[in-house]
Each structure stands twice: as C-alpha cells, then as structure tokens.
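K.L.:
Mind looking at a prediction? Sequence and model below.
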Amino acid sequence: MRRRRGIWVAVSVAATFVLLCCGLGGTVALTGLFGKQSTPATNPVGCGGKLASYGRLPQVSGYSQVQETRAYAIIQAGMKMKVPARGWVVAIATALQESSLHVYANDNPAYPLVVEHSMALPHDSVGHDHDSVGLFQQRPTAPEGEGGWGTVKELMDPATSAGKFYKKLLSLPGWQQLPVTVAAQMVQNSAFPDAYAKWESDATNIVNTLTNGAARGALTATATTSGTCAAAGEPAASGWVQPVKGPISSPFGPRGGFMHYGVDLAPPKGTPIVAAAGGLVITAKCDPDTGNCDTDGSMNTPGCGWYVEIKHADGVNTRYCHMIERPMVHVGQTVKVGQQLGKVGQSGNADGPHLHFEVHLHNDLSGNGAIDPVPFMRDKGAPVGGR
C-alpha cells in the first residue's frame, strides 16, 4: 500500500494561489506535484578534502575578509590538534558570539598590545567583558599566576586562544553529540548561556565555505579534510542526522486544496526514529485531534498521532509524527543528535507506517514557518530519503 501524507492542512483557494504564484517565486508547473514519489536525496558535492588558500579565501556572505582570516586561524588550530570538524563549528559559533571574529580595535593588527595584567587592554571594537580579551573573550591569568586562560599576549593570538578553547572542549565527555550552545557554555561559563545558539548556522556555513564542506563530513571523523561525506544514518559535523533511514513516500508541497508541510519517510514499522539534531523537547504526546493513538490510524483519522517536537539552535524546530507508541522522551528534556525518540508507526492520519518529518524556521511551528526538509537536510550533510 502506498504511503501518503502525514499532516494535511486545508487552505483556501486564494491562499493556494498565492503560494503557487508568489510563495514559490512566480508561476510554477504543477506537473509531478501530485502523487509523485520523490527520488531519494544524495549528499551534496563538497564534504571537506580541501582547505582554502589563506591568500584567496572565498567570500562568506555577511562577513569581511578579516573575520574570515580569524575563522581560518580557528580551523587551522583545530586541524593541528586533530579536532573533528564539529569542534570547528562549536569554536567559531563561540567566537562569533564573544567577539564577532574580531581581535583588535578596528581590526588593526598594529594596535599595541598591553602585556601586563591591567584593565587597559586591547579589547575588541565590539566591546568587552571586564578584562577578557581575544576571539573568545578569555580572562588573562592574574600577575600572581592564579586563574585565567593565559597571558594577554597569548590570548590575543587567534591560533593560541583557539587552542586553549579546544583543549577545554576536548576534555568534555560526549561534547560532539551536544547542541552547540551546550558545548560552548560548558567551556565558556557565560552569563548568557543561550546566546551561542543563534550562531550555529553561520558557523556551519563558514566552516563549509573555507573547507569545501567539512561540516558535511562525519561527526566524529578525525580526518576532517578527507572529503568523505557522512554515511546514511551517521551524524554529520554540522550536528544533523537523518531521523530514519527510508525512502521518501510523499514530498513536501501543495496538494490541490491542501498543503503537505513535511516529507514522509517510509521504513518498516518499528524502525527507530532519532533526533535530527540536538535540542530541547517541547512536545511529546498524543495529538488531541487523533483521540486514541494506541491503534493504527487511517486516512480518515485526524491528527499526528503520537508525536514529538524539538527546538534546536538558531530558531529551527523539527516535528516527528505517527509514532507507534508513547514517545521515549519527555517535555523539557535535552536530547543529543541521534538520540532515539520513538518508533515508526501508523497513529493518526496515516494509511501505512511512516514518519512524517517537518522542519520549521524562526521558531514558528505553524505552516508559515515550514520549509522543505529535503534541501535543508541535504545542506546539513544528512540527506533524507536514503536507505
């Protein structure tokens, strides 16, 4: 039996017209949108294997060449210490929050260093926190040798300060599976622990641009420039993984008077469903519209059945519908990438076992925030639709 939609939401004819003619960037051909099974996605070209030349750095949208050289130094320091590419993403996200990837006032390397412990330090042009300095706003060691990360001169050097950050990061058990904001906070002990989350996408993009896609490689790989993409079901250095291994049975998109806000993945009943990325569980329950979620649904059964929603970094949310039984996680729980949430089932609006998987941006779990999971996951190095 052909698996079809997960959650369908009715829209008006006028709204559908706007979506087709405007929301998709102009008039689109409807051929193939209805009832066509999607081709399984493949990994994008570029999963590492090449570090950009320092003198010819590719442009990262929204960032200056000076900022890119700081990120480049962070990556090089990580490579020297054999830190997996996931660590580069965590480090750059941290530096973006702490210093916007600046070191000197006005980013002038000739700015004189003040090497003694003093409040008159060469802080960033973007501000400072007390006597903290450098890319990671690390506090210097006191004159009597107590506390701190090192001398001012050391911390003002991007490679050295990055090395000190990595040393602490590598000492944390399971840091690679943690959300960026959790891993960064465990190193930094910031007064604003949630602030790092908003930089995860930018940090991933910077790493991919400067390394030809290393953040799409395997999460735990030490050969971080090998050029090998993460295998199906294996977390990528971006911190994302496909939620299940299975073919796409119904794609994202309009269906006449309805809109399918996710993609349906159809592995066998009982297949484990895992968190596509680390984050906070905000929903784990039976959809009230479904009623009894402990029996198989049909196309006449409303709702999502047993389902889970997770809030990730940078305003991204994911939704997992039609589980076979009560989810294995609870609201308020922080989950790691690849952690099991439940099993594939047929609860709710489903005519066969499958996972209905949605991705939403801007913390908007309505249809307005929904995007096609296929290109999003492909860009993360964790394409859906693979077996």
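P.N.:
Structure received.

K.L.:
pretty sure Gly348 is touching Ser298, no?
P.N.:
No - contact criterion CB atoms under 8 Å: Gly348 and Ser298 do not qualify, at 9.5 Å. All C-beta spots, glycine's among them, are computed from the backbone N, C-alpha and C.

K.L.:
So for these two, which residue has more residues nearby?
P.N.:
Gly348 (27 against 12; other CB atoms under 10 Å).

K.L.:
pLDDT score for that one?
P.N.:
Model confidence at Gly348, given as pLDDT, is 97.

K.L.:
separation between it and Pro58?
P.N.:
45 Å (CB to CB, to the nearest Å).

K.L.:
And Phe252, by the same measure?
P.N.:
30 Å.

K.L.:
who's more crowded, those two?
P.N.:
Neighbour count, other CB under 10 Å: between Phe252 and Pro58, Phe252 has more, with 22 against 10.

K.L.:
Confirm for me that the more buried one is in contact with Met377.
P.N.:
No - in this structure Phe252 lies outside contact range of Met377 using CB under 8 Å: 11.2 Å.

K.L.:
Now do the helices in the protein.
P.N.:
Remark: helices assigned in the chain by DSSP state H are 13-18, 65-80, 85-99, 152-155, 158-170, 180-188, 200-211, 373-379.

K.L.:
Out of those helices, which is the most enclosed?
P.N.:
Sort these by mean neighbour count, taking mean count of other CB atoms under 10 Å, and helix 85-99 sits at the top with a mean of 28.

K.L.:
any idea how far Gly297 is from the closest residue to Asp296 other than its chain neighbours?
P.N.:
Among residues not flanking Asp296 along the chain, Gln346 sits closest, at 4.3 Å (CB to CB, 6 or more residues apart in numbering). From Gln346 across to Gly297, the span is 6 Å (CB to CB).

K.L.:
again with Leu170
P.N.:
If you go by CB to CB, the gap between Leu170 and Gly297 works out to 47 Å.

K.L.:
Met328 now?
P.N.:
Taken as CB to CB, the span from Met328 to Gly297 is 20 Å.

K.L.:
Neighbour count: these two, which is higher?
P.N.:
More crowded of Met328 and Gly297, by other CB under 10 Å: Gly297, with 24 against 17.

K.L.:
and that one, backbone torsions?
P.N.:
As for Gly297, its main-chain torsions (degrees, to the nearest 10) stand at phi -90, psi -170.

K.L.:
so who does it touch?
P.N.:
Gly297 is in contact with 290, 305, 322, 346-350, counting by CB atoms under 8 Å, 6 or more residues apart in numbering.

K.L.:
what two of the residues you listed are the furthest from one another?
P.N.:
Thr290 and Gln346 (11.2 Å; CB to CB).

K.L.:
any residues in contact with both of the two?
P.N.:
Applying CB under 8 Å, 6+ apart, one finds that Thr290 and Gln346 are jointly contacted by 297, 305.

K.L.:
roughly how far apart are the closest residue to Val344 other than its chain neighbours and Ala232?
P.N.:
Leaving out its chain neighbours, the residue that sits closest to Val344 by CB to CB, 6+ apart is Thr271, at 4.4 Å. Thr271 sits 13 Å away from Ala232, taking CB to CB as the criterion.

K.L.:
Between those two, which contacts overlap?
P.N.:
By CB under 8 Å, 6+ apart, the residues touching both Thr271 and Ala232 are Lys245.

K.L.:
which stretches of the stretch 201-350 of the chain aren't confidently modelled?
P.N.:
Scanning the stretch 201-350 of the chain with the threshold set as pLDDT under 70 gives 221-226.

K.L.:
same thing but 90
P.N.:
The stretch 201-350 of the chain contains residues with pLDDT under 90 at 218-233, 255-258, 313-314.

K.L.:
all strands in it, in order from the N-terminus.
P.N.:
Remark: strands assigned in the stretch 201-350 of the chain by DSSP state E, counting those that start in this stretch are 248-250, 253-255, 258-260, 263-265, 272-274, 279-286, 306-311, 317-323, 334-335, 340-343.

K.L.:
Just checking: what are the partner strands of the last one?
P.N.:
The one in question is strand 340-343. Paired neighbours of strand 340-343 in the sheet (DSSP bridges): strand 272-274 (antiparallel).

K.L.:
Minimum distance to Lys336: which of the helices of the chain has it?
P.N.:
With CB to CB as the yardstick, what comes closest out of the helices of the chain is helix 180-188 (9.1 Å).

K.L.:
Can you show me the CA trace of that closest one as PDB?
P.N.:
The C-alpha trace of helix 180-188 is given here as PDB (Å, rounded to 0.1, in the frame of the first residue of the first chain):
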ATOM      1  CA  VAL A 180      26.400  23.900  20.100                       C
ATOM      2  CA  THR A 181      25.100  26.100  22.800                       C
ATOM      3  CA  VAL A 182      25.500  23.400  25.500                       C
ATOM      4  CA  ALA A 183      29.100  22.500  24.400                       C
ATOM      5  CA  ALA A 184      30.100  26.200  24.100                       C
ATOM      6  CA  GLN A 185      28.600  27.000  27.500                       C
ATOM      7  CA  MET A 186      30.500  24.100  29.200                       C
ATOM      8  CA  VAL A 187      33.700  25.700  28.000                       C
ATOM      9  CA  GLN A 188      32.900  29.400  28.500                       C
END
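
K.L.:
is it true that Met323 touches Lys343?
P.N.:
Yes - when contacts are counted by CB under 8 Å, Met323 is listed as touching Lys343 (6.2 Å).

K.L.:
Compare the two and say which is more crowded by neighbours.
P.N.:
Higher neighbour count among Met323 and Lys343: Met323, with 26 against 19, using other CB under 10 Å.
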